[in-house]
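K.L.:
Kindly generate the corresponding structure for this input.
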Amino acid sequence: MIDKKIGGRVSSFRKQARLTQEMLAEKVGCATVSISKLEIGSARASVKMLAKIAETLSIPLMELLSFPMKWICRKL
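P.N.:
Next up is the predicted model:
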């Protein structure tokens with residue numbers, strides 16, 4: 001479940017930055033399929049990869065990893 005939430009945030013921020021999955025993958029140094037799988041929640045990214053994504057999107061890493069407290073509490 002967390003994987004899908006993180007992936008959704010990556011997708012949202014990527015679109016706000018007007019980047020395609022291909023463009024983001026190139027800037028981050030990974031395969032386009034890796035970005036695609038991350039965004040749909042079928043693959044996990046390392047913290048190092050998420051940090052590269054955040055830097056590329058000009059956002060703090062915590063923006064990708066922050067969720068509303070009510071969502072976190074509901075899932076526990």
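K.L.:
And the pLDDT at the most centrally placed residue in the chain?
P.N.:
Nearest to the mean C-alpha position of the chain, by Cα atoms, centre = their mean, lies Val10 at 2.9 Å. We note a pLDDT of 97 for Val10 in this prediction.
K.L.:
can you pull the buried residues of the helix or strand Lys15 falls within?
P.N.:
Assigned by DSSP states H and E, Lys15 belongs to helix 2-16. In terms of neighbour count (16 or more other Cβ atoms under 10 Å), helix 2-16 has its buried residues at Lys5, Ile6, Gly7, Arg9, Val10, Ser11, Phe13, Arg14. In short, each C-beta sits where N, CA and C put it, glycine included.
K.L.:
Ala54 versus the closest residue to Leu65 other than its chain neighbours, what's the distance?
P.N.:
Excluding the flanking residues, the one nearest Leu65 by Cβ to Cβ, 6 or more residues apart in numbering is Ile6, at 6.8 Å. When Cβ to Cβ, to the nearest Å is applied, the distance between Ile6 and Ala54 equals 11 Å.
K.L.:
who touches both of the two?
P.N.:
When Cβ atoms under 8 Å, 6 or more residues apart in numbering defines a contact, the residues bordering Ile6 and Ala54 alike are Leu64.
K.L.:
what's the distance between Thr20 and Cys30?
P.N.:
Distance, Thr20 to Cys30, using Cβ to Cβ: 14 Å.
K.L.:
ok, back up a step: summarise which helices and strands the helix holding Lys15 is packed against.
P.N.:
Identification of packing neighbours for helix 2-16 by 3 or more Cβ pairs under 8 Å, 6 or more residues apart in numbering; DSSP states H and E yields helix 32-40, helix 61-65.
K.L.:
which residues of this protein score low on pLDDT?
P.N.:
Under the criterion pLDDT under 70, the flagged ranges of the chain are 68-76.
K.L.:
Surely the residue nearest to Leu65 touches Ile53?
P.N.:
No: the pair Ile6 and Ile53 fails to qualify as a contact (Cβ atoms under 8 Å) at a distance of 9.8 Å.
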